[in-house]
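> based on what follows, work out the 3D shape:
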Amino acid sequence: MSVTAEALSVKLKSIIRDVPDFPKKGIIFKDITPLLADHAAFTELVQAFAAAYKNAGVTKVLGIEARGFLLAAPIALALGAGLVPVRKKGKLPYKTVAASYALEYGTDTLEMHADAVKPGEKVLVVDDVLATGGTAAAVCELVEKLGGKVAGVAMLIELEFLKGRAKLGDRDIVSLIKY
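The predicted structure follows:
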């Protein structure tokens, strides 16, 4: 990580709020809402992701429900790309493609519109946290099912101890903050 990236990481970490025992006892939730409310810091994080992928030919940015939407929209604008929401099953009104992934207590399913990504399009997958990698891997699977190419996976926070990168193979992953 360059000095600039390191300084940005330290700055962003200082703004994110830890909420103990949410959503259940023993978990420390990383609350990004103070970061979203800080115009200068929010602008810097969007610019950092846009700079990382400015030469990747990204035509679509996929935001994963729900906090991923908040990050993906300004990144898409900065890259001059379209925005695609990836939602939980049953939330989208048109024909969809779906991918299921494992949770610690079962499975979940994500969907996106069947016409959201065209064959050959380069796609950036965006979310707030890379934990076990199941969600991001499922979204990459959706992109590839439609013939798209995953240009990268952009995560604000990476929980390295959960080894989520392992599920994403050799994909390009940029995370601004690592715990």
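> where do the strands of the protein begin and end?
Applying DSSP state E to the chain gives strands spanning 17-20, 28-31, 60-64, 82-88, 96-103, 106-113, 122-130, 149-158, 173-178.
> among these, which comes closest to residue 138?
Set against residue 138 and scored by Cβ to Cβ, those come closest in strand 96-103, at 4.0 Å. To be clear about C-beta, it is placed using only N, CA and C from the backbone, and glycine gets the same treatment.
> tell me what the closest one is packed against?
Strand 96-103 sits against strand 106-113, helix 134-145, with contacts defined as 3 or more Cβ pairs under 8 Å, 6 or more residues apart in numbering; DSSP states H and E.
> quickly run through the sheet partners of the shortest one, with directions.
On the basis of DSSP bridges, the sheet neighbours of strand 106-113 come out as strand 82-88 (antiparallel), strand 96-103 (antiparallel).
> dump these to TSV, plus mean neighbour count, distance to residue 21 and mean pLDDT.
Shown next, in TSV, are these (neighbours: other Cβ atoms under 10 Å; distance: least, Cβ to Cβ, whole Å; pLDDT from 0 to 100):
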stretch	mean neighbour count	distance to residue 21	mean pLDDT
strand 82-88	19	24	98
strand 96-103	16	20	91
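> can I get those in JSON lines including distance to residue 24?
Shown next, in JSON lines, are those (distance: least, Cβ to Cβ, whole Å):
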{"stretch": "strand 82-88", "distance to residue 24": "20"}
{"stretch": "strand 96-103", "distance to residue 24": "13"}
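> of all those, which lies closest to residue 67?
Comparing these by Cβ to Cβ, strand 82-88 comes nearest, at 12.1 Å.
> now render the strands of the chain as a markdown table, adding distance to residue 71.
As requested, the strands of the chain are exported to a markdown table (distance: least, Cβ to Cβ, whole Å):
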| stretch | distance to residue 71 |
| --- | --- |
| strand 17-20 | 17 |
| strand 28-31 | 13 |
| strand 60-64 | 7 |
| strand 82-88 | 11 |
| strand 96-103 | 20 |
| strand 106-113 | 16 |
| strand 122-130 | 5 |
| strand 149-158 | 6 |
| strand 173-178 | 10 |
